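S.K.: any chance you could fold what I've pasted below:
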Amino acid sequence: MPTHTSPDVLYRHSLRLLLAKDVPAWVGLWAEDGVMEFPFAPPGWPERLEGREAIAAYMRDYPDHIDLHGFPDLRIHRTTRPETIVVEMRGVGRLVGTGSPFDMSYIAVVSVQDGRFTSYRDYWNPLAVQQPGLDFAGSGAR
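M.R.: Coordinates of the predicted model:
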């Protein structure tokens, strides 16, 4: 992506990569020192990932556990800081291990600099990780 890419364009592109299960390309959208945070992470799940390598390790097996089909209800809100957006959406699909439906709501605060994600605070629903087959983060939680 060009370095002048707006946060909303970059974010929409990142969703297309997740649907295509192209995790390496998705990770490539991150700044080397990018930070991903999960403020509502339950015990045993990561709360903060520092750097592209940590984010890559966290996401590596994602497609083996969740088969994403779409992101309905996507709303991207601009903020007073041009490099930061607030995103509301749902991720829907199937859990690979069980075939059960997957439907999670997200709110994310995302910052971009030079066409790369630098900060991503993911406010996802921690109750959803209680579903069998959703241990992609290697937490041991089920």
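
S.K.: what sits against Ser111?
M.R.: With contacts taken as CB atoms under 8 Å, 6 or more residues apart in numbering, Ser111 has the following neighbours: 7, 81, 83-84, 117-120. Any C-beta I mention is one placed from the backbone N, CA and C, and that applies to glycine too.

S.K.: and those residues, which of them are in helices?
M.R.: In this view, the contacts of Ser111 that belong to helices under DSSP state H are Pro7.

S.K.: which of the contacts of Ser111 are buried?
M.R.: By the neighbour-count criterion of 16 or more other CB atoms under 10 Å, the contacts of Ser111 include these buried positions: 7, 84, 117-120.

S.K.: now those residues in TSV, please, with extra columns for distance to Pro101 and pLDDT.
M.R.: Below are those laid out as TSV (distance: CB to CB, whole Å; pLDDT from 0 to 100):
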residue	distance to Pro101	pLDDT
Pro7	30	97
Thr84	32	98
Phe117	28	98
Thr118	33	98
Ser119	31	98
Tyr120	25	98
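
S.K.: now these as a markdown table including distance to Leu74?
M.R.: Below are the buried ones among the contacts of Ser111 laid out as a markdown table (distance: CB to CB, whole Å):
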| residue | distance to Leu74 |
| --- | --- |
| Pro7 | 14 |
| Thr84 | 17 |
| Phe117 | 17 |
| Thr118 | 21 |
| Ser119 | 20 |
| Tyr120 | 16 |
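
S.K.: in strands only, show me these.
M.R.: When DSSP state E is applied, the buried ones among the contacts of Ser111 are split such that 84, 117-120 fall in strands.

S.K.: can you classify the residue sitting nearest the centre point of the chain by secondary structure?
M.R.: By CA atoms, centre = their mean, the chain has its centre lying nearest to Asp122, at 6.9 Å. At Asp122 the chain is in strand, as set by DSSP: H, G, I helix; E, B strand; the rest coil.
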